[in-house]
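Peer 1: prediction below, plus the sequence it came from.
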Amino acid sequence: MMIAPMITQLVFFAFSAVLVISSMMVTLTSRSVHAVLWLILAFIATAGLWILIEAEFLGLILIIVYVGAVMTLFLFVVMMLNLGEENTHKRSYKNWISFGAVFLVMIVALFLLLIAPHYSGMASDIAPVVTSETNLVALGLTLFREDALAVELAAVILLVAIVSAIYLTHRKHTHRKRQQISEQIKVTKKDRLQIISMASEKLIK
Amino acid sequence: MAIIPLSYYLMLSALIFGISIAGLVMNRYHLIKALMSIELMLLAVNINFVAFSQYFHDIAGQIFVFFILTVAAAESAIGLAIIVVVFRQRGTIEVVTLNELRG
């Protein structure tokens, strides 16, 4: 019974170390593809952290939706645009790294002061969930009973995102030969058929 | 069994948020990396939401994470579409070249 809390904390520290290192690498690598891959690692570590405090459905959703869809989209765009090295080296982050470090220290110090354990009494543990229903059941019941309208609004947001993304990136093929069905239907006999009356030729003897 | 103090999760989330803000400042000439920093910021917020939700045994926090994920996915899809359009029109996505609205 004594060894289990220590292992949990070890797992927590391992996942958070992976998360911190990979999110630093996202900002520090010079290649976009590497940054996307580090971001994927950060999402996977976060999913582990969420599963550790029994929010397993959201952890799996993070892997499926984020790593499976959004990060694939990022990777796809980065590879499709094929940004060379000259694009990133001209205005590199290295000119701003001291500025960024100062910014990082200031923000983190501010937050850590705000949430320091001896200020607000948040040092108590996250207690395990005691209800008999699983995380998925609880989430689903709340989501589709009380927040049904919000679910439909989220669906509308996704639909708008689909429509706008397709509209923005869709190109009409002007060079390709296609059937124009409406033009074909509108054709009458007068447009196509022409009867010419002309004198008949004489036979050559 | 979660034997982890809530403040650990909050500190981790603060650290990730600070890193992503610093990354946004450092990489503001690089549109895709700026978008990735914004995703990381949303992730830090989501860690806070999930930790508080499990701490107070209130499922509403996880519902919020659900909708934040939805909105973030929509945002990144549209943002990437805009980046693709900019790249098609100009051949580059350097932020410095996007100065037509300067007047």
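Peer 2: Yes, it's here. Remember, it's a predicted structure, so these values are computed and weren't measured experimentally.
Peer 1: need the helices for chain B, in chain order.
Peer 2: Using DSSP state H, the helices assigned to chain B run over residues B:6-26, B:31-56, B:60-90.
Peer 1: low-confidence ranges in the chain?
Peer 2: No chain in the question, so chain A it is. Scanning chain A for pLDDT under 70 picks out the ranges A:1-2, A:84-95, A:115-124, A:128-130.
Peer 1: I was thinking of chain B, sorry if that wasn't clear
Peer 2: Across chain B, the stretches falling below the confidence threshold (pLDDT under 70) are B:1-2, B:103.
Peer 1: 90 - rerun?
Peer 2: When residues are selected by pLDDT under 90, those of chain B lie in B:1-11, B:14-15, B:18, B:21-34, B:52, B:54-59, B:86-103.
Peer 1: what sits against the residue nearest to the spatial centre of chain A?
Peer 2: Relative to the mean C-alpha position of chain A, the nearest C-alpha, by CA atoms, centre = their mean, is the one of residue A:70, at 2.4 Å. With contacts defined as CB atoms under 8 Å, 6 or more residues apart in numbering or on different chains, residue A:70 is in contact with B:39, B:72, B:73, B:76, B:77. Glycine gets a C-beta too; all of them are placed from N, C-alpha and C.
Peer 1: most surrounded residue in the residues you listed?
Peer 2: Of all these, the highest neighbour tally under other CB atoms under 10 Å in any protein chain shown goes to residue B:76, namely 24 neighbours.
Peer 1: how much space between it and residue A:161?
Peer 2: Shown here: residue B:76 relative to residue A:161, a distance of 9 Å by CB to CB, to the nearest Å.
Peer 1: next one: residue A:36
Peer 2: For residue A:36, the distance to residue A:161 - CB to CB - is 20 Å.
Peer 1: compare the two (neighbour count), which wins?
Peer 2: More crowded of residue A:36 and residue A:161, by other CB under 10 Å: residue A:36, with 23 against 19.
Peer 1: so the more buried one makes contact with residue A:74?
Peer 2: Yes: Residue A:36 is in contact with residue A:74 according to CB atoms under 8 Å; the separation is 4.9 Å.
Peer 1: which neighbours do those two share?
Peer 2: For the pair residue A:36 and residue A:74, residues contacting each of them under the criterion CB under 8 Å, 6+ apart are residue B:36.
Peer 1: tell me where chain A has helices.
Peer 2: A:3-28, A:32-52, A:56-61, A:71-81, A:85-89, A:97-114, A:117-120, A:135-145, A:148-169, A:181-186, A:189-192.
Peer 1: which residues does residue B:47 contact?
Peer 2: A:46, A:49, A:50, B:9, B:12, B:13, B:16.
Peer 1: right, and the pair among those with maximum separation?
Peer 2: When CB to CB is used, the two most widely separated members of those are A:50 and B:16, lying 13.4 Å apart.
Peer 1: can you pick out the residue with more neighbours from those two?
Peer 2: Remark: of residue A:50 and residue B:16, residue A:50 carries more neighbours, 28 against 25, as counted by other CB under 10 Å.
Peer 1: sounds good, over and out.
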